[in-house]
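Novice: sequence first, then the predicted structure, then my questions.
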Amino acid sequence: MTRPSTPDIFDSWDSMEGLTRVARPAPAPNLRIRAQRALTWVGDRTAGFFLAATLAFLADWAAEVIGRTVFGYGTNPISGIPLAIALGILLCNTVGIPAIFIEGLRACMRPLQRLAIMLLGWRLSLGAVGGIGVQALPVVFVTITAALVIIPWIGEKAGLSRRLSTLIAVGTSICGVSAIMATAPAIDADEGEVSYAVACVAIFGMLAMLTYPFIVPWFLGNNLTAIGIFFGVAIHDTAQVTGAALAFQQGHNAPSVLNIATVVKIMRNLSMAAVIPLMAALFHRGKHAGATKSRPKHQILPPFVLGFLGLTVARTIGDASTRAFGIIDHDLWAHFLVVMDHASTWFLTIVMAAVGLSTGLSNLKRLGWRPFFVGLSAAVIVGAIGLSMIKALASLHG
């Protein structure tokens, strides 16, 4: 793999070759220019957002028709989440997605995803978060530790570089793309290695999200706590975890599963603050001092995690008295929480539609068999260890 060419190598193409470019101070933009830039920003993202939102609406409607009309269920047991993803993948790999939609889809998969996850904080109080954390902590610790030890070893045996193996390990064990992007500069990974690791995590996290809601009940029965913990530890990216848990919630009328899975995934995200510096230090062990590069704070501790925890604190304070914050009527507070719940669910459905619309199956061919094998092994290992730990702890408490 080669490092990408430096973008500024083309800077001289719009000036006279051989002459030094004279830097001129840019004039401060006036109000009209700022307004135009804002409108351009909104316009660039509107088409992709409405495409994802339309697909999410159609998926929810189709799930309702299939559940109630075709199968005759009194309440709809089918989630629109997998349908939104499947429709998006179908559209992406048949018709194709024109460039006008790309920026909007990216906005759905990043800012909107973060906002949706933050809003999930309104569903939980600190007491619930603490209770879930105590039960899930041993599972989270063991799965992360095992993945960080075993996956690099498998990658080495498969002939991958240490950097690529490390990126797949942290992406699988901690929090998907965010962990990969935070670790890459610390171990001097090049763009090719980052893109391979991201593709592995995206593909196998997607497969886990689509299959686990249907498979897991075979192993864990109706133990909703165990199912929520499993989703939280065994699926890679935050959006994939919430997508799987939301699909299960809608199919089984089990809102606690989404709450538990989100808390467990946030625990994994928080582990970045310790794990990524550790992996960088181990990678550079024996090299000259100062080889480890620092990472931006927002990569080690993503702001949406702090937002989620902040809204959880707000929910706890609001629930502490008969009038939320001393001024909001109880019925109005309860209605507000319901609205926030629906908003986060709808936003996550749009995010999942955008994920499907951005998933090109050509990535499978581009990966080659070695990264594909390591990514598959990583997903299986994390899932198997998580499931074994959950069943072992359940038997001890049972």
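Specialist: That came through, no problem. Residues are numbered from 1 along each chain as shown.

Novice: for this structure, which spans come out with low pLDDT?
Specialist: Applying pLDDT under 70 to the chain flags the ranges 1-29, 67-79, 191, 285-302, 363-367, 397-398.

Novice: which helix is the longest one in it?
Specialist: helix 31-65 (DSSP state H).

Novice: number of nearby residues for residue 335?
Specialist: 11 (other Cβ atoms under 10 Å). Glycine gets a C-beta too; all of them are placed from N, C-alpha and C.

Novice: tell me where the stretch 1-150 of the chain has helices.
Specialist: With DSSP state H, counting those that start in this stretch as the criterion, the stretch 1-150 of the chain has helices at 31-65, 80-94, 102-107, 113-119, 126-158.

Novice: format these as JSON lines; extra columns: mean neighbour count and distance to residue 267.
Specialist: What follows is the helices of the stretch 1-150 of the chain, written out as JSON lines (neighbours: other Cβ atoms under 10 Å; distance: least, Cβ to Cβ, whole Å):
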{"stretch": "helix 31-65", "mean neighbour count": "16", "distance to residue 267": "28"}
{"stretch": "helix 80-94", "mean neighbour count": "20", "distance to residue 267": "23"}
{"stretch": "helix 102-107", "mean neighbour count": "20", "distance to residue 267": "27"}
{"stretch": "helix 113-119", "mean neighbour count": "22", "distance to residue 267": "14"}
{"stretch": "helix 126-158", "mean neighbour count": "18", "distance to residue 267": "5"}
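
Novice: got those helices as JSON lines, with distance to residue 232 columns?
Specialist: Shown next, in JSON lines, are the helices of the stretch 1-150 of the chain (distance: least, Cβ to Cβ, whole Å):
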{"stretch": "helix 31-65", "distance to residue 232": "23"}
{"stretch": "helix 80-94", "distance to residue 232": "17"}
{"stretch": "helix 102-107", "distance to residue 232": "26"}
{"stretch": "helix 113-119", "distance to residue 232": "13"}
{"stretch": "helix 126-158", "distance to residue 232": "7"}
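
Novice: select, out of those, the one closest to residue 247.
Specialist: Nearest to residue 247 among the helices of the stretch 1-150 of the chain is helix 80-94; the distance by Cβ to Cβ comes to 4.1 Å.

Novice: what helices or strands is that closest one leaning on?
Specialist: Applying 3 or more Cβ pairs under 8 Å, 6 or more residues apart in numbering; DSSP states H and E, one finds that helix 80-94 contacts helix 31-65, helix 191-220, helix 238-252, helix 330-357.

Novice: list the contacts of it.
Specialist: By Cβ atoms under 8 Å, 6 or more residues apart in numbering, the residues outside helix 80-94 that reach it are 52, 55-56, 58-64, 97, 206, 209-210, 213, 243-244, 246-247, 250, 348-349, 352-361.

Novice: still on that earlier bit, which elements pack onto the longest helix of the chain?
Specialist: Against helix 31-65 (3+ Cβ pairs under 8 Å, 6+ apart) you get helix 80-94, helix 102-107, helix 330-357.

Novice: kindly reformat those as CSV containing distance to residue 198.
Specialist: Listed next are these as CSV, based on distance: least, Cβ to Cβ, whole Å:
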stretch, distance to residue 198
helix 80-94, 17
helix 102-107, 14
helix 330-357, 13
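
Novice: and residue 187, which of the ones you listed is closest to it?
Specialist: Of all the helices and strands packed on helix 31-65, helix 102-107 comes closest under Cβ to Cβ, at 25.6 Å.

Novice: now that closest one, how far from the centre of its chain.
Specialist: Distance, stretch centre to chain centre, for helix 102-107: 16 Å (Cα atoms, centre = their mean, to the nearest Å).

Novice: do the same with stretch 343-352
Specialist: With Cα atoms, centre = their mean, you get 13 Å for stretch 343-352.

Novice: for residue 65, which residues are in contact?
Specialist: Contacts of residue 65 (Cβ under 8 Å, 6+ apart): none.

Novice: from residue 58, how far off is it?
Specialist: Using Cβ to Cβ, to the nearest Å, residue 65 is found at 10 Å from residue 58.

Novice: follow-up on the earlier one: out of the helices and strands packed on helix 31-65, nearest to residue 175?
Specialist: Among the helices and strands packed on helix 31-65, helix 330-357 comes nearest to residue 175, with 15.4 Å by Cβ to Cβ.

Novice: what is the closest one packed up against?
Specialist: When contacts are defined as 3+ Cβ pairs under 8 Å, 6+ apart, helix 330-357 sits against helix 31-65, helix 80-94, helix 102-107, helix 113-119, helix 238-252.

Novice: export those helices as TSV, with columns for distance to residue 332.
Specialist: Listed next are the helices and strands packed on helix 330-357 as TSV, based on distance: least, Cβ to Cβ, whole Å:
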stretch	distance to residue 332
helix 31-65	27
helix 80-94	29
helix 102-107	32
helix 113-119	18
helix 238-252	25
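
Novice: for residue 340, which of the ones you listed is the nearest?
Specialist: Per Cβ to Cβ, nearest to residue 340 of the helices and strands packed on helix 330-357: helix 113-119, 5.4 Å.

Novice: dump that closest one to CSV, restricted to CA.
Specialist: Extracted in CSV, the C-alpha atoms of helix 113-119 (Å, rounded to 0.1, in the frame of the first residue of the first chain):
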residue,chain,number,x,y,z
GLN,A,113,-26.4,10.0,13.8
ARG,A,114,-24.7,11.8,16.7
LEU,A,115,-27.8,13.8,17.4
ALA,A,116,-30.0,10.7,17.4
ILE,A,117,-27.7,8.9,19.9
MET,A,118,-27.5,12.0,22.1
LEU,A,119,-31.3,12.1,22.3
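
Novice: name the surrounding residues that touch it.
Specialist: Helix 113-119 is contacted from outside by 238-239, 242, 262, 302-304, 307-308, 311, 340, 343-344, 347-348, 351, using Cβ under 8 Å, 6+ apart.

Novice: on the three-state scheme, residue 322 is what?
Specialist: For residue 322, the assignment made with DSSP: H, G, I helix; E, B strand; the rest coil gives coil.

Novice: name the nearest residue to it, sequence neighbours excluded.
Specialist: In space, and not counting its chain neighbours, residue 322 is closest to residue 330: 5.8 Å by Cβ to Cβ, 6 or more residues apart in numbering.
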